[in-house]
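# no sequence on this one, just coordinates:
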């Protein structure tokens, strides 16, 4: 299947030059591109690769002199990285899931499957489930009772959707994602040492009396808005009583853990290995880089950006840029880090000064 230059330009709202009737089959880096490839040279620093490849067509930056590279056709874009979104959407065929219901799928008779949905091999769909029109569910996925998945959703292989989970339209879940697992919530008959430490800030001694942990069962579920994406092996726990919530258009990377009762707003971007403890609340347009941690019952305001491995242990006001453990303003963390790097030299200078100071006479 090919893509004409004119078709690509229209999809990207971009400008095409030269022989716009030419077709390409795939995208490639400039030096690796063949005659049937679209070379991606969207910055002058990548243009040198065109001479090492054999591309006839390239995607170039705005204002590029495309003819000087010996191309038969070219497309220029104003914002290259954004153009990648449209280009990859055009060329991505997605997983191969045959239309209809595979004969090995196990579907309860009370489940409702929308028109045009595709259900792959060995999928299990329990009682009361509703699947929207055009949804695609790949092999070995399971959807528990009374769950609801919106239209044009895509569940890759091995996705698990728990009971009563509600998911909006155009949802995407990567392989192995788990949505609606039980929350990690346990309690002791008397106040535990862990609870006491939280109140006393660690001022507690002794091992304490042995106590057994009792499960607080999970009665809530998960509510997910429209256009949400969940990464591979990410786990989203159901709420204890109220549902865990994820807002519209939020994107969540691989190996993220979202604990019970968490609430995440709209248009958030959450990178790999982020961990949110129970009842954390995240505003809209929040960006969390890899390995960010958020303690329980903490609120993160709209527009907050947290750099990699930041540990948010107290409420963060809207618009704050955070870094470090514990989280502080990014400029404060940079200043602290600069001082930290100087500590070995400072310690050495102090040691020299100590040697220079005469020791007091014991007889004085």
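Looks like it came in fine. All figures in this text were calculated on a predicted structure; none of them were measured in a lab.
# helix/strand/coil for residue 194?
Here residue 194 is recorded as helix under DSSP: H, G, I helix; E, B strand; the rest coil.
# quick check: it vs residue 115, distance?
According to C-beta to C-beta, to the nearest Å, residue 194 and residue 115 sit 51 Å apart. Heads up, the C-betas are built off the backbone N, CA and C, glycines and all.
# ok, residue 282 touching residue 269?
No. Judged on C-beta atoms under 8 Å, residue 282 makes no contact with residue 269 at a distance of 10.9 Å.
# name whatever forms a beta bridge with residue 161.
Beta-bridge pairing for residue 161 (DSSP bridges): residue 143, residue 179.
# helices of the stretch 201-350 of the chain, start to end?
330-356 (DSSP state H, counting those that start in this stretch).
# low-confidence ranges in it?
Applying pLDDT under 70 to the stretch 201-350 of the chain flags residues 201-208.
# for residue 221, what are its contacts?
162, 163, 164, 165, 166, 180, 238, 239, 243, 244 (C-beta atoms under 8 Å, 6 or more residues apart in numbering).
# nearest residue to it in space, please, no chain neighbours.
residue 164 (4.1 Å; C-beta to C-beta, 6 or more residues apart in numbering).
# near that neighbour, how many other residues are there?
Residue 164: 19 surrounding residues under other C-beta atoms under 10 Å.
# returning to that earlier point: make JSON lines out of the contacts of residue 221 and add distance to residue 212.
Formatted as JSON lines, the contacts of residue 221 follow (distance: C-beta to C-beta, whole Å):
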{"residue": "162", "distance to residue 212": "27"}
{"residue": "163", "distance to residue 212": "27"}
{"residue": "164", "distance to residue 212": "30"}
{"residue": "165", "distance to residue 212": "31"}
{"residue": "166", "distance to residue 212": "35"}
{"residue": "180", "distance to residue 212": "27"}
{"residue": "238", "distance to residue 212": "24"}
{"residue": "239", "distance to residue 212": "25"}
{"residue": "243", "distance to residue 212": "29"}
{"residue": "244", "distance to residue 212": "27"}
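# from those, which two are the most distant?
163 and 244 (13.3 Å; C-beta to C-beta).
# which SS class is residue 87?
Assignment for residue 87 (three-state DSSP): helix.
# quick one, grab the pLDDT at it.
If you check residue 87, the pLDDT there is 96.
# same question, residue 190
86.
# how close does it get to residue 216?
In this view, residue 190 and residue 216 are 16 Å apart by C-beta to C-beta.
# now do residue 236
With C-beta to C-beta as the criterion, residue 236 and residue 216 are 18 Å apart.
# element containing residue 6?
helix 5-12 (DSSP states H and E).
# can you give me the buried ones in that helix?
Using 16 or more other C-beta atoms under 10 Å as the test for burial, helix 5-12 gives 5, 6, 7, 8, 9, 11, 12.
# mutual contacts of residue 282 and residue 269, please.
In contact with both residue 282 and residue 269: residue 288, using C-beta under 8 Å, 6+ apart.
# of those two, who's got more company?
Using other C-beta under 10 Å, the more surrounded residue of residue 282 and residue 269 is residue 282, with 28 against 15.
# and the nearest residue to the more buried one once chain neighbours are set aside, how far is that from residue 251?
Closest residue to residue 282 apart from its sequence neighbours, by C-beta to C-beta, 6+ apart: residue 264 at 4.5 Å. Remark: distance between residue 264 and residue 251 (C-beta to C-beta) = 11 Å.
# neighbour count for the two, which is higher?
When neighbours are counted by other C-beta under 10 Å, residue 264 and residue 251 differ, and residue 264 comes out ahead with 26 against 15.
# partner residues bridging that one?
Going by DSSP bridges, residue 264 forms beta bridges with residue 246, residue 282.
# now swap in the one 5 residues further on and tell me
Under the criterion DSSP bridges, residue 269 forms beta bridges with residue 251, residue 287.
# show me the contacts for it.
Per C-beta under 8 Å, 6+ apart, neighbours of residue 269: 250, 251, 286, 287, 288.
# please, a ChimeraX command that selects the buried ones among those residues?
To isolate the buried members of these in ChimeraX, using 16+ other C-beta under 10 Å:
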select :250,286,287,288
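# name the nearest residue to residue 28, ignoring sequence neighbours.
Nearest residue to residue 28, sequence neighbours excluded (C-beta to C-beta, 6+ apart): residue 37, at 4.0 Å.
# what's the local residue count around that neighbour?
21.
# my guess is it meets residue 23, correct?
No. Residue 37 is beyond contact range of residue 23, at 10.9 Å (criterion: C-beta under 8 Å).
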